[in-house]
Each structure stands twice: as structure tokens, then as C-alpha cells.
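Asker: got a structure for you, letters missing:
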């Protein structure tokens, strides 16, 4: 049978602790060439709407020792609204009020499709788990406070992941809309049992923090060099969130992957604002991320982490990998089978008797 | 609703004539940058079997004017058996006796998943339609005879496609196994109403033919320069089927796409025989296909076709494109809706309420 799972199922089946543990082993396999991942590609074309583009994004990964290959697909209507000084990338729920992202999992032993599920919860968990591993291998062992920039979908997973690898005692959170940060703080407090204080500025959030987590959908800088304090660990889910000078200031910078950008395949005349607008890296100075070692190299022990408690460390979760969906997907499928969760469809619907 | 279609459905819904007509318009859109395609990628890792590898292959394409984006995925256990002097690439039906290849179609207007179906029949039709367009734009207008090398799954579609663009009066077919070529000849005769003669050698098949179609799963040369006659049109579904010297001899060579090879992402220590074994191009001389114009350029009128009835022309269907699955898929979905064919699943199963 091929399982059809929902986001609620994935949320039930995938804990942050398991996800981080599975990723840690899988990243060693990736570093050693036993697991694979294919650089994300975005095919971008005009839509009927002046302010929107259609993006068909895909990425693949295979982890033979987990028996799983994954393809993750996003089929998005994308807009780039301006909010204050910042340009944000915002997807439109144009599919009858809903978004479209799928993960398909296949067996590397038989080839058969094991499961199909939406990518939303897994996406959040894998971004969180990856930043969590960055913090585990780079932040001070005694790091106890988080300064969080952002209060959206990704921010919660970032916090959960860091709480899984360090004993966190307090969190301060800033995001531009007061109601959002207050609601987030209340929800997170209840969820993780750690004090979460909403604050009125980014600077208030990061002052004195041991770990700074950027988890915004801004495509501009949100954290600046002038806010750095010795011993801090900085973490970004998009490179441009952290000012280039702040990245240069860090004693140890690690990026997620050497694939520093997706392969863009664009229709004639199309330019996505990600590449050309905003006050961030696009229009000011940039850091060549390729100079830095990667998380798989760090976890596999090929490069050192922090050298002292005074070092500033920085993890840039620069680009997602299909590999991550294979690692998280293997856990989800194993747990779904064990617990009998998910809709079962005949595998024959997704296989064939002809040699294609 | 999201449609789940079978190969039988696709066979019902997609005629070769419609497919060629749709592709012809879509290739102009591709040439003019209004449609897109992403180079195929193959992630290849070891399996538990010594003689087999696991391959996760994917390709994407988007055609906004048809309102469709496509992702085609193959999840294959692949072996490379030797048959006589030739090495062949053979997939193993390890998914409970079945093969795994899927096409997913998405709306470029809403993003929603329109349909999921196996890729086998569409794969055959799109390879056929593409070679058919090569013949339409390169073969002599009065071409009436076909020499066919191969009698498998692809060979039938090649013949149907050429019969859709030229008035074919007779076909001679060779493949190494007598029973296969005889069964193929009988089946094709019944299907297309044209005499099809099985013959005992490749040379007997191609002698005097106006159009030579190579449709084998050999990864070595099957057609040689010494067999060329003035005015012939040569067509291959894999570059190495035609001897390099024969390609050089042709006055006009057109390839399918400038993406002359897939992106291979290989696990450490893995080498696929495609790249290193056999008597064909891999071990002898090669032709740099990038020097030749592409089918989209030919159809869009950017390069001339044949200059005289004496010219030898050659079409090398060198690499498949996700784009082709978008073009064929748009037809299939439109016809399925019109005729009420396919299983309907709730689109909500494949969409989500969270911003991924």
C-alpha cells in the first residue's frame, strides 16, 4: 500500500528530537558520499496576475541506509509584497484557499512509492532540525538564552530545535507586528515550558542572547554586526537575514550546503525580486558563502567547531536539500506503519506493468 | 478533484496525432522562452544487489499557455546485462513485479495538483512524437519506407509517429530475437494497416529505406556509416545508436535539446555502465552534440531543415525533457475531464493550509 499522509499525521509522527538524531547520522552519510542530494531547481514563469509568478520547485535526495529516496515538489503562486522597508516573499493560497507542496517517498530496495504527503510540517521540522544541529555543534555548551527574530511558522521550529540541544532558560522574541509576537510568545511558553518574552525591537531581542535565531521571511538584513557580543551563536534560515559584515566578524561560519543557490530556470523576461530587489545582499555587499565549510563536514568531524567561549559562531541554513526530506520521510513512514496511521491506497495505482 | 489515471487511461486519452500537434506548438513556446524545462537529474546509489543500482530520476517542465507544470519521476532498480556484443540498460520490476514512474501535473494558475499517473504510455508517446517531429521537419516529403531497428516498447511509437507525418507504404524491422521482431511486425501491421516485414539483419532493414528509425535499448552503435544512402533520414532515440561517423556524414543534424546529458549525482564508488562500458561512444570516438541546432530551433524556423532530396538528415532524440510531459499531460487532463475518465481523489489530500 502507498500511504497518503496529512500534515496532522506528520506532526503526530515526527518529533524534533528524533528528527535531529536521524539527521545527525544521515549528514555523516552525506559527507561520506553514501547519501545523495540534488540541487533544488525553480522553474519560474508568468501567471495571469501582474503581481505574481508561478514557481515549480523540486529537490531530490536518496539515503540508501534508510532505504528511502525523496522528491519534494512545490507548486506555488508567489508574490513579493513590500512591508515597511522590507520586501517579503509570500505564497498565495490559490488552490481553493490552500498551498501546494508535496513530498513523495520511494523505496531504494524495490523502487515502490511508500508515501505521499504535504510538505508543510516536514519543511518546518527539517529547517528547525538543521539549525538545531548547527547550534548543537557550534553554540556554547552553556548557552541558555535565545534572541529570536521572527514569529512565524518557521520560528517555532527553530526554538524547539535549539531547546532540544541546549538547556534554554529564557527567550526574547521580536517581529514587526505586535499581535503576532505576543501570540507566538504565549503559544511557545505553553508548548515548551520556557519563558518567552515578546519585545519591541530586534535589538531588545538579541541583546545579551547566547543564541540569536533569525527566522523571518524577509529577504533583507534583520541582524547587524553592531549587535554582536562575544560568545554569541548566530543562526539564519536565509543568508541575507544576517548582515554581511556580521558574518565576516564571526570566528567560525558554517553553511548548510555548498549548493549556495538553487538552479533558476526562468521564462523570458521574468525576474524574481529575490534576485534583484531589497536592501539586503542583493543591492549591497555580499559574502561568498562557498568559502565556508558545510554542516555535513562539521558533523562528520572534518572541520572544527568553536575554539573558545569567546568565539562568535554563525550557522547559515543557506539552502534546503531533498536529502532532508528523505531523512525525515524515513522516520515518518516507519512510524506511520508501526502505528497504523495514514490512508492506504493501492500501490498499483502508482506503479505500472510496462518498462518505462 | 485530483485525477489518478492509469496507463490504460492515458492510452485512451492521448492520440499520436494530437500529441505531435500539441508538441509542435509547445516547442515554439520553448524556443521563444515562454515555456521552460529543467535538465533531467539522476541520483544513483548502490542497492542490496551486486548487479543493480537504484536510480531516482526527475525532470520538470512548465508551459504557461497550456496552464500546466509537470514533474516526472522514475524510481528504478537498474541492471546492465550483456547480450551478445551489446550492453543494455534494463530496469527490474522490483515493486511487486511492477515498475515505478510517475507524472505529476500542476496548474500554473492555482498551483493545484491536477493529476497523477504512471509515465509509461506517456513516455512512449512523447519519445515517438518528438522523433515524429524530427521526421516531419527533416525527412524527404516523399519518404515512404521505414527501416526500423528495434521491436520493443519504443519502436511501435516511433513507427506510429512517422506514419502520422509521412505517407508510409512499407516497413522493414530487425531486432536480435526472431520471435520478438515477428510478433512486433504482426502487431504493427494490424494496428497501422501498413506492411511490416521482419528481416534477419539490421542491414536488410535499412537498405533502401527513406527513414531509418533506431529504437533499441542498446547503449552501443546499431547503425553504421557504411549503410547510409543519399536522401536518407536517420533517427535515434539514444545518441550512441548511430555511429559517430554516420552522424558526421549527415548534411543536417538536429538534436532534441542542448542539454546533452543528465545531471548525474552519484554515491561514492558508483559508476553506471552507461558512462564507461560498451563498444559505443563511451569507448570509441564521440560526436560533440552541442554543435548541432535543436528541434525547438528547427520548428521555430531559426535553422533550415534539409536543403535537397539528396541530403542525409539526422535527428538525435538525445535527452528527454520534463517539458514534454507538461505538453502531453495538458492534453491528457483536458480529455480526461471532457470524457469523465480517471479516479477522482479530493485535492485537499494533496494540498495544505500552512504556508510551506
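Answerer: Noted; the coordinates are in hand. Just so it is clear, the structure is predicted and the values come from calculations on it, not from any experiment.
Asker: Centre-most residue in chain A?
Answerer: Centroid-nearest residue in chain A, with CA atoms, centre = their mean: residue A:127, separated by 2.5 Å.
Asker: contacting residues for residue A:352?
Answerer: Each residue near residue A:352 by CB atoms under 8 Å, 6 or more residues apart in numbering or on different chains is listed here: B:7, B:98-101, B:118-120. No exception for glycine: its C-beta is placed from N, CA and C like everyone else's.
Asker: What score does it have for pLDDT?
Answerer: According to the per-residue confidence, residue A:352 scores 97 in pLDDT.
Asker: my guess is residue A:156 contacts residue A:184, does it?
Answerer: Yes - with contacts counted by CB atoms under 8 Å, residue A:156 reaches residue A:184, the gap being 7.2 Å.
Asker: What average pLDDT does the helix or strand the residue nearest to the centre of chain A falls within get?
Answerer: Assignment of secondary structure by DSSP states H and E places residue A:127 within helix A:120-138. For helix A:120-138, the mean per-residue pLDDT is 97.
Asker: next one: stretch A:81-93
Answerer: According to the model, stretch A:81-93 has a mean pLDDT of 79.
Asker: That one: how far from the chain's middle?
Answerer: Here the centre of mass of C-alpha atoms in stretch A:81-93, compared against the chain's by CA atoms, centre = their mean, to the nearest Å, lies 18 Å away.
Asker: ok, the one residue in the stretch 201-350 of chain A that gets nearest to chain B - contacts?
Answerer: For the stretch 201-350 of chain A, the residue positioned closest to chain B under CB to the nearest CB is residue A:268, at a distance of 2.8 Å. Residues counted as contacts of residue A:268 (CB under 8 Å, 6+ apart) are B:32-34.
Asker: who wins for most neighbours among those?
Answerer: With neighbours set by other CB atoms under 10 Å in any protein chain shown, the maximum within the contacts of residue A:268 is found at residue B:34, which has 18 neighbours.
Asker: So for it, what's the pLDDT?
Answerer: Confidence at residue B:34, expressed as pLDDT, is 96.
Asker: same thing with residue A:108?
Answerer: As summarised for this prediction, residue A:108 has a pLDDT of 97.
Asker: That one: neighbouring residues, count only.
Answerer: 25.
Asker: for it, phi and psi?
Answerer: Dihedral pair for residue A:108: phi -80, psi -10, per degrees, to the nearest 10.
Asker: show me where pLDDT drops low in chain A?
Answerer: A:85-86, A:272-285 (pLDDT under 70).
Asker: Does residue A:356 touch residue B:127 like I think?
Answerer: No - with contact taken as CB under 8 Å, residue A:356 and residue B:127 are classed as non-touching, separated by 10.4 Å.
Asker: Stretch A:150-158: which residues count as buried?
Answerer: A:150-151, A:153-158 (16 or more other CB atoms under 10 Å in any protein chain shown).
Asker: So which of these is the closest to chain B?
Answerer: Of all those, residue A:153 has the smallest distance to chain B: 6.0 Å, by CB to the nearest CB.
Asker: and that closest one, what are its phi and psi?
Answerer: For residue A:153, the backbone dihedrals (degrees, to the nearest 10) come out as phi -50, psi -40.
Asker: Hmm, residue A:237 and it touching each other?
Answerer: No - when contacts are counted by CB under 8 Å, residue A:153 is not listed as touching residue A:237 (10.9 Å).
Asker: what about the helices in chain A?
Answerer: In chain order, chain A shows helices spanning A:7-13, A:16-31, A:120-138, A:153-165, A:178-192, A:202-206, A:244-249, A:273-276, A:295-299, A:322-339, with DSSP state H as the criterion.
Asker: TSV for the contacts of residue A:268, including distance to residue A:252?
Answerer: Conversion of those to TSV gives the following (distance: CB to CB, whole Å):
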residue	distance to residue A:252
B:32	48
B:33	43
B:34	47
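Asker: Return only those of those residues found close to chain A.
Answerer: Counting by CB under 8 Å from any CB of the partner chain, B:32-34 from those sit close to chain A.
Asker: What residues does the closest residue in space to residue A:251 that isn't next to it in sequence make contact with?
Answerer: With CB to CB, 6 or more residues apart in numbering or on different chains as the criterion, residue A:251 has its nearest non-adjacent residue at 4.0 Å, and that residue is residue A:311. Contacts of residue A:311 were listed using CB under 8 Å, 6+ apart, and they are A:230-231, A:250-252.
Asker: what about residue A:62, distance to residue B:322?
Answerer: The gap separating residue A:62 from residue B:322 is 19 Å, by CB to CB, to the nearest Å.
Asker: Check residue A:146 too.
Answerer: Applying CB to CB, the value for residue A:146 to residue B:322 is 42 Å.
Asker: One more: residue A:148?
Answerer: The gap separating residue A:148 from residue B:322 is 39 Å, by CB to CB.
Asker: of these two, who's got more company?
Answerer: Just comparing residue A:148 and residue B:322: by other CB under 10 Å the higher neighbour count belongs to residue A:148, 33 against 28.
Asker: Make sure residue A:33 is actually in contact with residue B:265.
Answerer: No - between residue A:33 and residue B:265 there is no contact under CB under 8 Å: 10.3 Å.
Asker: burial count for the residue nearest to residue A:260 when sequence neighbours are not counted?
Answerer: Nearest in space to residue A:260, with sequence neighbours left out and distances taken as CB to CB, 6+ apart, is residue A:289 at 4.7 Å. The number of residues packed near residue A:289 is 20, by other CB under 10 Å.
Asker: need the contact list for residue A:289.
Answerer: Taking CB under 8 Å, 6+ apart as the contact definition, residue A:289 lies against A:239, A:255, A:260, A:316, A:318.
Asker: and residue A:63, what are its bridge partners?
Answerer: In this structure, residue A:63 has the following beta-bridge partners (DSSP bridges): residue A:68.
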